[in-house]
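A.B. asks: got a predicted structure here, sequence first:
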Amino acid sequence: MYTRRVWRLVLIGICSALLAAVSGNAVWAQAPAVTYADIHDFNGGAGDPTNFNSTRPAQGRDGNLYLESRSGGTSNQGTLFYVSPAGTVHVVLSFTGTNGSAATGGVTLGTDGSLYGDAQSGGTSNDGVTFKVTPTGTYTALHNFANSGDGYGPVNALVLGTDGNYYGLTNSQPETFYKVTSAGVLTTLHTFATAEGYQGGQLIQGSDGSFYGGVNLGGANGTGTLFKLTSAGVLTVLHNFAADSSDGTQAAPGMVQAANGSFFGTASLGGANGNGVVYKLTSSGTFTLLHSLASATDGNGPQVLVAATDGNMYGTTYSGGTNNCGTLFKVTQAGVFSVLYNFASATGCNPGGYLAENTNGLLYGVTTSGGAHGNGVFFSLNLGLAPFITLQNASGKVGSTAGILGQGFNSSSVVKFNGVAATTVKLTGTTYLTATVPAGATNGFVTVTTGSTTLKSTQKYTVHNSWTSGAAMPTAVNWPVAGVIGSKAYVVGGYTGGPASTANQIYNLSTNVWSTGAVLPVAIAQASAAVVNNILYVFGGSNNGGSTVFNTVWAYNPTTNAWSAKSAMPTARCSAAAVVASNVIYVIGGYSGGNRLTTVEAYNPATDSWTERATLLDGKTEISAGLIGTTIVAADGFTSSGDTGDNEAYNVSTNSWSALTADPTARNGSCAGVVNSLLYASDGNDNSNNPVGLMESFSLSQNKWTTLLAMPQPATDMGSAVYGGQLYCFGGGNNAVPPNNTVYNYVQIYQP
């Protein structure tokens, strides 16, 4: 039976204040109007799915919401079903035991349009199964668990990782963390120790690529932990809940990441009143208890949060509240907690875990009881959030295909990638389309315009192998040095088209805004630099094209905005490279007295001391250098034979150099840096002292060079920095000999 009942609740500040006085420990904020709609009353007697355990609605390409049930279906062992936004229910698959049973947590939309999920039991060994199902009901078992090192009882929704694999947890003891490919290849990545926790729940992938979650039990105090896991399975416990559960326990609901980078989550029990807590967590493990729930006013047993498009987090409690049927609450990024709605038996009681925001802007969920038949309801919550689009895949190269979920699409819809229109758009219904990433597209939001309506993506699309520009430097320079501390790049010294500079130009990598800091004590260009423990070190350099070279070492502390002198280098040099390995800075090669140096000297900032290391195989200057793993790669550079592409590897532990495959495009003075284990080298001078106009990457594991998209404005002798997985190239010129060159103020940014 289908029913639709709409209730509107407006909480005003005066009521919030009264409730805060009653609860004693609550922090309340004025709440917006909330429109609650009971869209479908489940009727088990009429064949509807029932018994929803923490299931999450997942929007399909067809715009319907897909969920799991633990009861109902042809064998009464649960179903995979969908509910349309209008309330039509359709069973896509019935679980029979052989293909799984007791499905828990919900499904995840894959990039192929299939739904991926887990069943906690059933399968060939009755230990659970991970599966995929097409929207038309074609089922494929990806992995049958057998408790033979792979664990058993997989629970909660799978996470589609940025690498295209699916990640999840089993509920066995010991618990396992695994990944499974769309073809069904499963790898157990980590087996939990009791000290790390057990009886886990929902994972998310953070912006740093790691996976974050919580467990109900175990850890140092037996009350559960919060943790992060790398995609390789390295686990770090971020928080152990207190033995007395004063900061929470039963943290399997996990967490979400807000736009400000912090994680917000819930523990379903514990806290000051024993009814659960809301907390905040940083990726480094700083835990903040935001709110202890009081059952009568806040609800009891908070469940999984969802980060909505307004920047706030929303969640439900299973019980408690005015009607003891649970509540809907909001948490702002500032940590302010407020109750927006109290569930009632007639229109749905005891919400079943997850909320999900549809691209129409509404939140959807299910209750486990209440409604016309007592079997729960499917509901929506209208918070006044605008429609939007979401990307099925948020990165690719020019020419690749992006899948886009949204609303109201038609054959005239126009898709733009950061403002650049796609020329190839394929429509599949009104809620899904694909678009080919156009030439000239850069990192940024995707928009779809249909008639007078423009919808914007919730995440930025990353265009690999692309260049963008930052705000122009206040002072154009070539041969500066650059280093990143926090979210700022410090671009220091360099030639201004004639004299060397003392400038300390500071670029905010997050806001694209320039400022200035304390100037260098002396004018320097052609120096080298590195950052250790948030201090920028500047080594040697020249002020006249190499006729005079320095052995000075200057250290800049951004906290005090001050420079200080450090122990001088044993060998004066300019145009050297500086690479950090294990907090020791290796100054490599360079120029002095008419010679291309082979000398390598290591500086230890902790002791302010120098050590001579093994020499280069070939002396050179203006090197493309970086650390790949534990190996320093020193490629390119100007040797006594000119630009040869010479490429060498330094083993820190054995203090030895060995030859690598030479750069096929010999160069010196490139913009260079290591991103994701590849050394990138862009432009620089050729043997005719002109920009080479070409970019390459070097893979140490393959000992191979690859040609990439060229820098938009060819340049030489730039400042280089790596931040956020991108290579930043500051300034530069059009040849290597000052002052007879053109000097640039460009900021050119490469996205690998």
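C.D. replies: That came through fine. This structure is a prediction, so every number in the text was calculated from the model and none was measured. Residues are numbered from 1 along each chain as shown.
A.B. asks: spatially central residue for the protein, please.
C.D. replies: residue 207 (1.5 Å; Cα atoms, centre = their mean).
A.B. asks: which ones are touching that one?
C.D. replies: 257, 261 (Cβ atoms under 8 Å, 6 or more residues apart in numbering). To be clear about C-beta, it is placed using only N, CA and C from the backbone, and glycine gets the same treatment.
A.B. asks: that's a strand at it, yeah?
C.D. replies: No: Residue 207: not assigned to a strand; according to DSSP: H, G, I helix; E, B strand; the rest coil it is coil.
A.B. asks: which parts of the stretch 501-650 of the chain are helices?
C.D. replies: For the stretch 501-650 of the chain, no helices are identified by DSSP state H, counting those that start in this stretch.
A.B. asks: what's the answer for the chain, then?
C.D. replies: Under the criterion DSSP state H, helices of the chain are mapped to 13-23, 295-298.
A.B. asks: hey, least reliable of those helices by pLDDT?
C.D. replies: Least confident of those, judged by mean pLDDT, is helix 13-23 with a mean of 31.
A.B. asks: and the residue nearest to the centre of the chain, what's its pLDDT?
C.D. replies: Looking at residue 207, the pLDDT reads 90.
A.B. asks: relative to residue 263, how far out is it?
C.D. replies: 10 Å (Cβ to Cβ, to the nearest Å).
A.B. asks: tell me, what's touching these two both at once?
C.D. replies: residue 257.
A.B. asks: for the residue nearest to residue 181 when sequence neighbours are not counted, list the residues it contacts.
C.D. replies: Leaving out its chain neighbours, the residue that sits closest to residue 181 by Cβ to Cβ, 6 or more residues apart in numbering is residue 165, at 5.6 Å. Residue 165 makes contact with 179, 180, 181 under the criterion Cβ under 8 Å, 6+ apart.
A.B. asks: taking those residues one by one, which sit in strands?
C.D. replies: Using DSSP state E, the members of the contacts of residue 165 that fall in strands are 179, 180.
A.B. asks: which of the contacts of residue 165 lies closest to residue 344?
C.D. replies: Of all the contacts of residue 165, residue 180 has the smallest distance to residue 344: 40.5 Å, by Cβ to Cβ.
A.B. asks: can you give me the separation between the closest one and residue 100?
C.D. replies: The value you get for residue 180 to residue 100, if Cβ to Cβ is used, is 14 Å.
A.B. asks: of the two, which one has the most company?
C.D. replies: residue 100 (29 against 22; other Cβ atoms under 10 Å).
A.B. asks: please enumerate the strands of the stretch 51-200 of the chain.
C.D. replies: Using DSSP state E, counting those that start in this stretch, the strands of the stretch 51-200 of the chain run over 58-59, 65-69, 79-83, 89-94, 101-103, 108-109, 115-121, 129-133, 139-144, 154-160, 166-170, 176-180, 186-191, 198-200.
A.B. asks: for residue 683, find the nearest of those strands.
C.D. replies: Here strand 154-160 is closest among those (Cβ to Cβ), at 37.0 Å.
A.B. asks: tell me the buried residues in stretch 273-293?
C.D. replies: Buried residues in stretch 273-293, counted by 16 or more other Cβ atoms under 10 Å: 273-281, 283, 287, 289-293.
A.B. asks: ok now stretch 94-109, how far from the chain's centre?
C.D. replies: Centre-to-centre, stretch 94-109 and its host chain are 29 Å apart (Cα atoms, centre = their mean, to the nearest Å).
A.B. asks: same thing with stretch 558-573?
C.D. replies: 35 Å.
A.B. asks: between the two ends of it, how far is it?
C.D. replies: 26 Å (Cα to Cα, to the nearest Å).
A.B. asks: what's that stretch in contact with?
C.D. replies: 485-486, 488, 490, 517-518, 520-521, 534, 536-537, 539-540, 549-557, 587, 589-592, 597, 599, 601, 603, 605, 608-610, 612.
A.B. asks: now swap in stretch 322-330 and tell me
C.D. replies: With Cβ under 8 Å, 6+ apart as the criterion, stretch 322-330 contacts 29, 31, 34, 36, 296, 298-302, 312-321, 337-345, 348-351, 367, 370, 381.
A.B. asks: can I have the buried ones of these as a PyMOL selection?
C.D. replies: Restricted to buried positions by 16+ other Cβ under 10 Å, the PyMOL selection for those reads:
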select buried, resi 29+31+34+36+296+298+299+300+301+302+312+313+314+315+316+317+318+319+320+321+337+338+339+340+341+342+343+344+348+349+350+351+367+370+381
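A.B. asks: flag the shaky bits of the chain, pLDDT-wise.
C.D. replies: 1-32, 736-740 (pLDDT under 70).
A.B. asks: and the lengthiest strand in it, what does it pack against?
C.D. replies: Determined from DSSP E, the single longest strand within the chain is strand 453-464. For strand 453-464, the helices and strands in contact under the criterion 3 or more Cβ pairs under 8 Å, 6 or more residues apart in numbering; DSSP states H and E are strand 390-391, strand 395-397, strand 444-450, strand 747-751.
A.B. asks: buried sites along the second one?
C.D. replies: The reference is to strand 395-397. 395, 396.
A.B. asks: residues in contact with that strand?
C.D. replies: 162, 402, 437, 461, 462, 463, 464, 465, 466.
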